[in-house]
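*Asks:* Could you work out the structure for the sequence below:
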Amino acid sequence: MTKKQRIDFINDTFSRFDDAKNHGHSNNWWHPTANRIAYNVKMHSYADIDTLREVMTTLQNDYYSDDMLQQEIYDEQDQACEMLVEDIKEISLAEDTSLAGSSGGWLEVTYTVNFESVDDATDREDLLAYYREAKELEKQESIVADRIEKAHTSYNKYMDSKDYYADMVENMLSNDEIKSSYKEHAESLLAKIN
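*Replies:* Here you go, the predicted structure:
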């Protein structure tokens, strides 16, 4: 690789991260934050409360309101996002991760950039060091982008499956737990009356 090719690679990589597309300050695209890349994680599959109710027991259907079920769905999605964020932290040198956008449809990852743009007069040792840093940054970002894309695709497929609804029901209160809850509630009401 020639010196010019290395310089071009360093400068292109630096510019791509410096001018990264993200929600930036004030949660908009017009004031991006350097070194933060936004990945699209908007959902294409949605959990359906009616489908969920079809696999719930009669007692669970009586106990859970639509609002409660919607909250269960949101909580499960939040947990899936948190697991992805933790995975990204483990596999990369990302400084920070956060959800952005009005509906949280973007996962933003902030990278550490340990080099700057260069020119023809840059010292050879600095040039090689910056080149290695730029290559490593490109590699890290590629790994993160791939992991996010695979996890996002997989999660959308999961939400369209019977397993998703079965898992949701499994994580809800069981019939015995609901009966116990009703019994405790009735006993506390009787205690107040007496």
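
*Asks:* Does Gln76 touch Met168 like I think?
*Replies:* Actually, residue 76 is Glu rather than Gln. Yes - at 6.5 Å, Glu76 and Met168 qualify as touching, with contact defined as CB atoms under 8 Å. Backbone N, C-alpha and C define where each C-beta goes, glycine included.

*Asks:* what ranges do the strands span in this protein?
*Replies:* Assigned by DSSP state E, the strands in the chain fall at 36-40, 96-100, 106-110.

*Asks:* Of these, which is nearest Arg16?
*Replies:* In this view, those are compared for proximity to Arg16 by CB to CB, and strand 36-40 is the closest at 8.6 Å.

*Asks:* Specify the angle between that closest one and strand 106-110 in degrees.
*Replies:* Inter-element angle recorded for strand 36-40 and strand 106-110: 160 degrees (by axes from the mean of the first three to the mean of the last three CA atoms, to 10 degrees).

*Asks:* Strand 36-40: how far from the chain's middle?
*Replies:* 10 Å (CA atoms, centre = their mean, to the nearest Å).

*Asks:* Point to the residue nearest the middle of the protein.
*Replies:* Residue closest to the mean C-alpha point of the chain, counted by CA atoms, centre = their mean, is Cys81 at 3.9 Å.

*Asks:* What's the separation between it and Ile10?
*Replies:* Taking CB to CB, to the nearest Å as the measure, Cys81 and Ile10 are separated by 34 Å.

*Asks:* before we move on, what about Val85?
*Replies:* Using CB to CB, one gets 29 Å for the distance from Val85 to Ile10.

*Asks:* Which one of the two is surrounded by more residues?
*Replies:* Shown here are Val85 and Ile10; by other CB atoms under 10 Å, Ile10 has more neighbours (22 against 17).

*Asks:* Thought Asp120 was touching that one, still the case?
*Replies:* No - checked against CB under 8 Å, the pair Ile10 and Asp120 is beyond contact range at 12.0 Å.

*Asks:* Which of Glu76 and Met168 has more residues huddled nearby?
*Replies:* Between Glu76 and Met168, counted using other CB under 10 Å, Met168 has the larger neighbour count: 19 against 16.

*Asks:* so what's the more buried one closest to, chain neighbours aside?
*Replies:* The shortest distance from Met168 to any non-neighbouring residue, by CB to CB, 6 or more residues apart in numbering, is to Leu52 (5.9 Å).

*Asks:* What distance do you get for the closest residue to Tyr164 other than its chain neighbours to Asp96?
*Replies:* Computed as CB to CB, 6+ apart, the closest residue to Tyr164 that is not its neighbour in sequence is Tyr158, at 5.3 Å. As for Tyr158, its distance to Asp96 is 27 Å (criterion: CB to CB).

*Asks:* Thanks again, I'm all set now.
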